[in-house]
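In: Structure of the sequence below:
(one chain, ligands or ions: 1)
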Amino acid sequence: MATSSAVAVRRPQSRFKYVIFSILGLMFLFVLWNNERFIFDHSHPDWTYYFPVRYMLIPHGLGGLAALLIGPLQLSSRFRTKHVRIHRILGGFYIGGITLAATMGSYVATVHSSVPLRIFTYVTAITWLLCAWTALASVLKGNYQQHRQWMIRSYAVTTLFVTARVAFALPIIKRLGPSASAEILWTILVLTLIFTEFGLAWSSIFGRRRLPARTATAG
Ligand code: HEM
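Out: Numbers count the residues shown, from 1 in each chain. Okay, the predicted model is just below:
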């Protein structure tokens, strides 16, 4: 009985996960086409803009890309239980990718970005590193519940690469102009973190309440 009810509770969650990852995948393809074409099309004005920091952007982009692609596999319960060893190896690449992307991103911001974007990058990088390394520390201590939660938080920060670029492509945001960029980025960061906490707390707030055994058998 306990097993079948556990499966029944997990199913909608896994479906929700697939929906989220599918939406993220589509957004990622849009970002590749809309924002990153300059990598191959050197006549694009963004190529000139990023040219001075192109070598720093390579480790930054590759580290971030590794985290973005590995994250969904790490968060898949089915993959995790079937391939424990691969989960551990990919976990190393995930933490390494974030560490590389966060440090190189901060360096690029220091030498190439405006002060408001620089401050945003430092705070985001610290949050990103803190979540990823806390996830690692938790699993090393054997605390799997905390490990899962901090992995989810770190992946939420990872998705900013996609969500921020999609947001900036929306006409309503575009109309605000480049002077509003920092405010928009801060808003996206705060909303991302709040919605993540809300998602993590969801089942304990709105899930089916487990009655204590004494009460459940009474009457
Ligand atoms: C999935 C993770 C990420 C990937 C794949 C990634 C990749 C890239 C790429 C390809 C660029 C240059 C082109 C562009 O701006 O579109 C870039 C720029 C940059 N990224 Fe990331 N990034 C990621 C996450 C982050 C995060 C979380 C931060 C903040 C800590 C960050 C900080 C920056 C900065 C400061 C720039 C330079 C912006 C400028 O000077 O205008 N990135 N990133």
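
In: Quick one: name the residues of this protein near the ligand.
Out: Proximity of the chain to the ligand (CB under 6 Å from any ligand atom) is limited to residues 35-36, 50, 57, 60-61, 64-65, 67-68, 101-102, 105, 108-109, 112-113, 121, 124-125, 128, 157-158, 160-161. (Glycine included, C-beta is placed from N, CA and C.)

In: give me that answer again for 5 Å
Out: Contacts of the chain with the ligand, taken as CB under 5 Å from any ligand atom, map to 35, 61, 64-65, 68, 105, 108-109, 112-113, 121, 124-125, 158, 161.

In: Now list the buried members of the residues you listed.
Out: 35, 61, 64, 68, 105, 108-109, 113, 121, 124-125, 158, 161 (16 or more other CB atoms under 10 Å).

In: Could you export the residues you listed as a markdown table, including distance to residue 85, pLDDT and secondary structure?
Out: Below are these laid out as a markdown table (distance: CB to CB, whole Å; pLDDT from 0 to 100; DSSP: H, G, I helix; E, B strand; the rest coil):
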| residue | distance to residue 85 | pLDDT | secondary structure |
| --- | --- | --- | --- |
| 35 | 36 | 97 | coil |
| 61 | 28 | 98 | helix |
| 64 | 25 | 98 | helix |
| 68 | 22 | 98 | helix |
| 105 | 30 | 98 | helix |
| 108 | 34 | 98 | helix |
| 109 | 36 | 98 | helix |
| 113 | 40 | 97 | coil |
| 121 | 35 | 98 | helix |
| 124 | 32 | 98 | helix |
| 125 | 30 | 98 | helix |
| 158 | 23 | 98 | helix |
| 161 | 28 | 98 | helix |
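
In: For residue 140, state which of the residues of the chain next to the ligand is nearest.
Out: Nearest to residue 140, judged by CB to CB, of the residues of the chain next to the ligand is residue 158 at 20.9 Å.

In: how near is the closest residue to that closest one other than its chain neighbours to residue 206?
Out: Of all residues not flanking residue 158 in the chain, residue 67 sits nearest, at 4.8 Å (CB to CB, 6 or more residues apart in numbering). Distance, residue 67 to residue 206, by CB to CB, to the nearest Å: 30 Å.

In: Right, I'll call it a day here.
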